[in-house]
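**Q** Next comes the sequence, and after it the predicted model I'd like to discuss.
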Amino acid sequence: MREIQLALERSRSREQFELISRGAVRIDDLRRTLLDHEPQVVHFSGHGTGTDGIVLENNAGEAQLVSTESLSKLFELFKDKIECVLLNACYSEIQAETIHHHIDCVIGMERAVTDKAAINFSLAFYDALGAGRSYAESFQFGCNNIDLHSIPESSTPKIKIRNNSKTLFSNKQPKSNMTGNRNIHIGTGNYNERIEGDYIQGNYYAASKQQDLAEAAAEIQKLLEQLSKTIPTDTTLGKMQVAAETIKAIENNPMRAERVTSALKAGGVQALAQLLNHPAASFVIGALEDWQKTKGS
């Protein structure tokens, strides 16, 4: 986990990553984490048993085998969200092959893999992914890093992929080339426009700023909704508690804090307020105004 975190933090696109870790994962934990966070990349680090499946935990903290078929069916339910699954576990190529029926890019291990090889593969894979390389290229960087460290396991990782050119940012950012088609996602909206010849840079950046603001609002809205499941918001005190926990969740995640700060600079607190729909929204906006002043932004 430390090596992956370092690989992402040194990336020039580090503000676009959020690393969510879960240890000693139970079956229910896996489903809930996928539902709550809708990740693009799912990385499993643990034990695999080949045809019998992978090992999670049950509610008693004991090893629980999850069959290949049931795991594949779970990922099928997230086929429109998840882009890549990395099974960093022994004999997991069988699961990779089956999951690949639903997920475009899946990486598994053909045979037993040592911890040293697994870690070195992950380190280079995320270095390359964070640098904007495709999933296919990032896989090659991972295998090469095993080889560079003189570990005789560079042929153990196997990739199943449909789109060799796809990157983690393929659907995240407009292209820098200002001629041709481009997709701009603003909140839940999506519009396409044809751009001919030279384009006024100001309009392009305005669209990007609106997108940053909409994405930050969506992230805050999601935090509010998650916190409301455990903290009632039918009282003023409850709303204040939800708001306080939301600000805490932002401050405790440097990448999230940077995204929110950037969005506030781009559009302002009041513009953000118009995109939030929650009983505690006004308290969050008040807290963000104070937070912004404290940071001197």
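**A** It's in. Residues are numbered from 1 along each chain as shown.
**Q** From now on I want contacts and neighbour counts done on CA atoms only, so please keep to that.
**A** OK.
**Q** Can you show me the strands along the stretch 51-200 of the chain?
**A** 54-57, 63-66, 84-88, 105-109, 157-161, 180-186, 189-195 (DSSP state E, counting those that start in this stretch).
**Q** The fifth one packs against which elements?
**A** In terms of contact count using 3 or more CA pairs under 8 Å, 6 or more residues apart in numbering; DSSP states H and E, strand 157-161 is assigned the packing partners helix 93-99, strand 105-109, helix 135-148.
**Q** how near is the residue nearest the centre of the chain to R31?
**A** Nearest residue to the geometric centre of the chain (CA atoms, centre = their mean): P39, 4.2 Å. The gap separating P39 from R31 is 12 Å, by CA to CA, to the nearest Å.
**Q** what do you get for C84?
**A** 16 Å.
**Q** Show me which of these two is the more surrounded one.
**A** C84 (22 against 12; other CA atoms under 10 Å).
**Q** what residues are up against the more buried one?
**A** Residues in contact with C84 (CA atoms under 8 Å, 6 or more residues apart in numbering) are 40-42, 103-107, 135.
**Q** again, only using 10 Å
**A** C84 sits next to 39-43, 100, 103-107, 135, 160-161, 168 when contact means CA atoms under 10 Å, 6 or more residues apart in numbering.
**Q** Pick out the most distant pair among these.
**A** Spanning the widest gap among those are P39 and K160, at 18.9 Å by CA to CA.
**Q** S21 - how many residues pack around it?
**A** 9.
**Q** Check which helix or strand it maps to.
**A** For S21, there is no host helix or strand (DSSP states H and E).
**Q** If we ignore the residues flanking it in sequence, what's nearest it?
**A** Spatial nearest neighbour of S21, excluding adjacent residues (CA to CA, 6 or more residues apart in numbering): M1 at 7.9 Å.
**Q** Can you report phi and psi for the residue nearest to the centre of the chain?
**A** phi -70, psi 160 (degrees, to the nearest 10).
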